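Chemist: sequence unknown, structure follows:
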């Protein structure tokens, strides 16, 4: 076993710790970078040239660009994220209210139409009960 060395001999515990730390910092850095780039594009108060300048700054000097962005516009980043989350929640709630009223309202509307037809004498009691049972089963 002259040519073979054990991996554990070459990679002590402290080196494993440092590797995991650097990997964690890399993931943290990528998360922060994508968050800042996403915020630049999501911000409506910035014009096209402002967005281009920030992106160019982040590409040319990434660490400094992200740090300056967080210092200059960090408070707005959280506010924009919050307003976006609230807008998404309001849109979801409106959609749920609309779909819930459409599904429950359609059965009620159909039953009201059937009742009107029965009252006008266009449906017999048996036809009304049969159509009512079909609507309520659906």
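Modeler: Received the coordinates, thanks. Worth saying up front: this structure is predicted, and the values here are computed from it rather than measured.
Chemist: Could you name the helices and strands sitting against the longest helix along the chain?
Modeler: Using DSSP state H, we find that the single longest helix of the chain is helix 62-119. Applying 3 or more C-beta pairs under 8 Å, 6 or more residues apart in numbering; DSSP states H and E, one finds that helix 62-119 makes contact with helix 13-42, helix 48-60, helix 125-137. For glycine as for every other residue, the C-beta is placed from the backbone atoms N, C-alpha and C.
Chemist: Low-confidence regions, this structure specifically.
Modeler: Within the chain, the ranges that satisfy pLDDT under 70 run 1-11, 101-105, 138.
Chemist: make it 80
Modeler: Within the chain, the segments meeting pLDDT under 80 span 1-13, 99-109, 136-138.
Chemist: Which positions in stretch 115-134 come out as buried?
Modeler: Neighbour counts using 16 or more other C-beta atoms under 10 Å place 118, 123, 128, 131-132 of stretch 115-134 among the buried residues.
Chemist: Let's have those in CSV, adding distance to residue 29.
Modeler: CSV is the format used below for the buried residues of stretch 115-134 (distance: C-beta to C-beta, whole Å):
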residue, distance to residue 29
118, 71
123, 71
128, 70
131, 65
132, 65
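Chemist: The nearest residue to residue 41 once chain neighbours are set aside and residue 36: what is the separation?
Modeler: Nearest residue to residue 41 in three dimensions, chain neighbours excluded: residue 51, at 6.6 Å (C-beta to C-beta, 6 or more residues apart in numbering). Distance, residue 51 to residue 36, using C-beta to C-beta, to the nearest Å: 12 Å.
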